[in-house]
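**Student:** Mind looking at a prediction? Sequence and model below.
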Amino acid sequence: DGGITQSPKYLFRKEGQNVTLSCEQNLNHDAMYWYRQDPGQGLRLIYYSQIVNDFQKGDIAEGYSVSREKKESFPLTVTSAQKNPTAFYLCASSNTGGRVYEQYFGPGTRLTVT
Amino acid sequence: AQSVTQLDSHVSVSEGTPVLLRCNYSSSYSPSLFWYVQHPNKGLQLLLKYTSAATLVKGINGFEAEFKKSETSFHLTKPSAHMSDAAEYFCVVSDLSGGYNKLIFGAGTRLAVHP
């Protein structure tokens, strides 16, 4: 089965702790993305990576970090510097190559920080 | 800059009646447009996409959308709603100006379907 997996589905953390969200894909896509979704808003891009060992900040990167050591994996760390980390986090992947490609999404991780 | 506006935050229909979810876009060049659907606490699923071929695009589950350049619109329709269509729908425009496959999302329309 080809697709994107995110784990865990629900995550609870205390304020001041860093937490890492997992994202794995077996679609052989070069590009991967992390989005944040808040109630009543569309998705906002946190980070993206077009190729292994390279990633770029999206629109709301402050308080987040990523790595891309393998093509299949793009973990997101929510650091204690993120002022409002409680949200639904979605990972996506796509082909690349100078034209528009649709993005495929994982099932999401709901993070609650108290 | 590219942007999308979904004109209704909530739409409510009865089962078996038509669905219309409205989307207007702003683009400095010929855009690629998408509709995605999200069921509660799930990821997003692609319903359909427009990439400058036929202006009437057919998608999954009986949905279709028509690209109207003169009106800068890309409304999503379905002739007959089903209970399983209740979900959040996102209109999305692509933006390649930054050198990567960026998607810009509308705020979403929540569709409720009543028996």
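**Tutor:** Yep, that arrived. Numbers count the residues shown, from 1 in each chain, chains lettered A, B, ... in the order given.
**Student:** which is the next helix or strand following the lowest-mean-pLDDT helix or strand in chain B?
**Tutor:** When each helix and strand of chain B is scored by mean pLDDT, DSSP states H and E, strand B:102-105 comes last, with a mean of 91. Note on strand B:102-105: by DSSP states H and E, the next helix or strand toward the C-terminus is strand B:109-114.
**Student:** what bits of chain A have low per-residue confidence?
**Tutor:** Low-confidence segments of chain A, defined by pLDDT under 70: A:1-2.
**Student:** Tell me which residue in it sits closest to chain B.
**Tutor:** Chain B sits closest to A:Gly42 of chain A, with a gap of 3.3 Å, by C-beta to the nearest C-beta. To be clear about C-beta, it is placed using only N, CA and C from the backbone, and glycine gets the same treatment.
**Student:** Which residues does the least confident helix or strand of chain B contact?
**Tutor:** The contact list for strand B:102-105 (C-beta atoms under 8 Å, 6 or more residues apart in numbering or on different chains) reads A:42-45, A:48, A:103, B:2-4, B:34, B:90-96.
**Student:** Just the CA trace of it, in PDB.
**Tutor:** C-alpha atoms of strand B:102-105 as PDB (Å, rounded to 0.1, in the frame of the first residue of the first chain):
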ATOM      1  CA  LYS B 102       3.500  25.700  -3.200                       C
ATOM      2  CA  LEU B 103      -0.200  25.300  -2.500                       C
ATOM      3  CA  ILE B 104      -2.300  28.100  -1.100                       C
ATOM      4  CA  PHE B 105      -5.400  27.100   0.700                       C
END
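**Student:** Note down every partner strand of it and its orientation.
**Tutor:** The pairing partners recorded for strand B:102-105 under DSSP bridges are strand B:87-95 (antiparallel).
**Student:** Which residues outside the partner strand are in contact with it?
**Tutor:** Residues from elsewhere that reach strand B:87-95 (C-beta under 8 Å, 6+ apart): A:42-43, A:100, B:1-4, B:6, B:21, B:23, B:25, B:27, B:31-40, B:44, B:47, B:74, B:76, B:101-106, B:108-111.
**Student:** what does chain B have sitting close to chain A?
**Tutor:** Within chain B, the positions adjacent to chain A are B:9, B:32, B:34, B:36, B:41-46, B:49, B:51, B:90, B:94, B:96, B:100-103, B:105-108 by C-beta under 8 Å from any C-beta of the partner chain.
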